Structures are given as C-alpha cells and as structure tokens.
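Undergrad: Return a 3D structure for these sequence lines:
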Amino acid sequence: MKIAIKRLEENFRHKAGKVYEENGEVKFSVTHSVQYAIFLYLYSNQLYLDDDEANAAKVYYLNKVMNCVEWFYAVKFPTVFSAEHPMGSVVGKAQLADHLFLYQGTTIGGNRNDNVLYYPTIGSHVVMCADSKVLGNSHVGNNVILSANSYVINEDIPDNCIVFGQSPNLTIKSMNQETMRRRINEMCMWRE
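TA: You can find the predicted model right below:
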C-alpha cells in the first residue's frame with residue numbers, strides 16, 4: 001500500500017487546485033470519489049505488480065462496484081492521469097502516455113481485425129470528453145481533445161487538434177501546440 005500511496009502522490013503533484021493540495025502539500029481524500037478511484041486502481045495494480053493477483057482482483061472489483069470504472073489491475077496506466085466523473089469509463093490494454101484525462105462513459109479498447117486483436121496508442125495530454133471512444137488500431141497524437149460522443153476506430157489522429165464525429169467521418173480541427181496545451185491544462189487543471 002505504501003508504494004501505491006507514493007504513486008498516488010506523484011500523480012497528484014501534477015494537479016492544481018484545493019481538491020489536490022493543501023498548504024503546498026499533496027492532499028488525498030478518500031471521500032473524493034475520483035481520488036479514491038485512482039487510489040484503488042493504483043493499489044490493485046501495485047498488488048498485481050507484487051504478484052498478489054488474488055488481492056489485486058479484490059481491490060479491482062471494489063473499485064468497479066464503488067466507482068463503476070473498468071480499470072483492470074493488469075492494464076498499465078500512465079504515471080500521470082486523472083478523471084472527472086469517470087463512471088462507466090473502460091480502459092483496455094492500450095499504450096497510454098502521461099496526462100491522460102477521462103470523463104464519464106469513455107472507452108479505450110481493442111478491436112479484432114483479420115483475427116488479430118488491436119489496441120490503440122494514446123499520446124500525452126489527451127482529454128477524452130464524455131462518451132468518447134478510441135478503439136482498435138488507432139493512434140492518437142499529443143495534445144488532443146476527443147469531443148463528447150466522438151468515436152475513433154482504426155484511425156490516426158495527429159498532434160494538436162480537437163476531434164469531432166465518428167469514424168470514418170471525423171472532423172479534425174488543428175491548432176497550434178501552445179493553444180492546445182493551454183486548453184488542456186485549463187480543462188484538466190494540470191500543473192506544468
């Protein structure tokens with residue numbers, strides 16, 4: 001548990017605001033449901049990494065029941081990630097980079113094509129707004145906002161953009177890196 005708490009504190013050091021800090025120190029509250037969901041994922045993952053899969057499964061199911069998240073203990077989340085009202089979020093065996101932010105109903109998952117199961121690659125500073133999905137052999141660049149109800153499957157999304165719509169009819173609004181990073185940091189309260 002001590003290692004999971006250290007991982008949690010490292011994660012929260014990247015968040016701004018009174019919910020995550022007090023007098024310059026990281027603040028963890030079990031009564032804050034997002035913080036607790038993140039802690040339970042980290043704890044279950046750490047148990048899994050320590051070869052205690054039986055207890056990892058118990059903590060994972062506790063998180064699933066209490067917070068309605070499908071954050072399986074064997075999935076490797078980035079060091080820095082967060083969420084806002086993450087109920088119904090599902091994260092599969094994708095390759096995930098730091099500063100991932102999930103809203104409710106989001107899905108990162110696999111898709112079978114020609115009997116091969118593909119999972120997405122997600123870049124850094126990616127925000128998945130409510131009910132957005134990234135599936136299959138998709139590659140999402142850095143500094144990307146996936147708008148509410150967007151659906152990306154087997155597509156490449158460039159850096160520095162906002163994505164609207166559903167594959168294969170996506171609308172991609174490109175912006176410069178500075179603008180996208182500022183928007184994302186404001187949305188997610190990331191501390192740089």
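Undergrad: Quickly run through the sheet partners of the helix or strand bottoming out on mean pLDDT in the chain, with directions.
TA: Across the helices and strands of the chain, the lowest-confidence element by mean pLDDT, DSSP states H and E is strand 21-22, at a mean of 86. Strand 21-22 pairs in its sheet with strand 25-26 (antiparallel), by DSSP bridges.
Undergrad: From the chain's centroid, how far away is the least confident helix or strand of the chain?
TA: 22 Å (Cα atoms, centre = their mean, to the nearest Å).
Undergrad: Verify the contact between Gly17 and Trp190 for me.
TA: No: here Gly17 does not reach Trp190: they are 10.3 Å apart, not a contact under Cβ atoms under 8 Å. Yep, even glycine has a C-beta here, placed from its N, CA and C like the rest.
Undergrad: More neighbours: which of those two?
TA: More neighbours surround Trp190 than the other of Gly17 and Trp190, with 19 against 9 (other Cβ atoms under 10 Å).
Undergrad: my read: the more buried one touches Lys15, true?
TA: Yes: under the criterion of Cβ under 8 Å, Trp190 makes contact with Lys15 at 6.9 Å.
Undergrad: Tell me which residues touch Ser65, please.
TA: Actually, residue 65 is Val rather than Ser. With contact set as Cβ atoms under 8 Å, 6 or more residues apart in numbering, Val65 has no partners.
Undergrad: helix or strand for it, which one?
TA: According to DSSP states H and E, Val65 maps onto helix 53-67.
Undergrad: Tell me which strands the next helix or strand after that helix pairs with, and in which orientation.
TA: Sequence-wise, the next helix or strand downstream of helix 53-67 (DSSP H and E) is strand 70-71. Strand 70-71 has the following strand partners under DSSP bridges: strand 90-91 (parallel).
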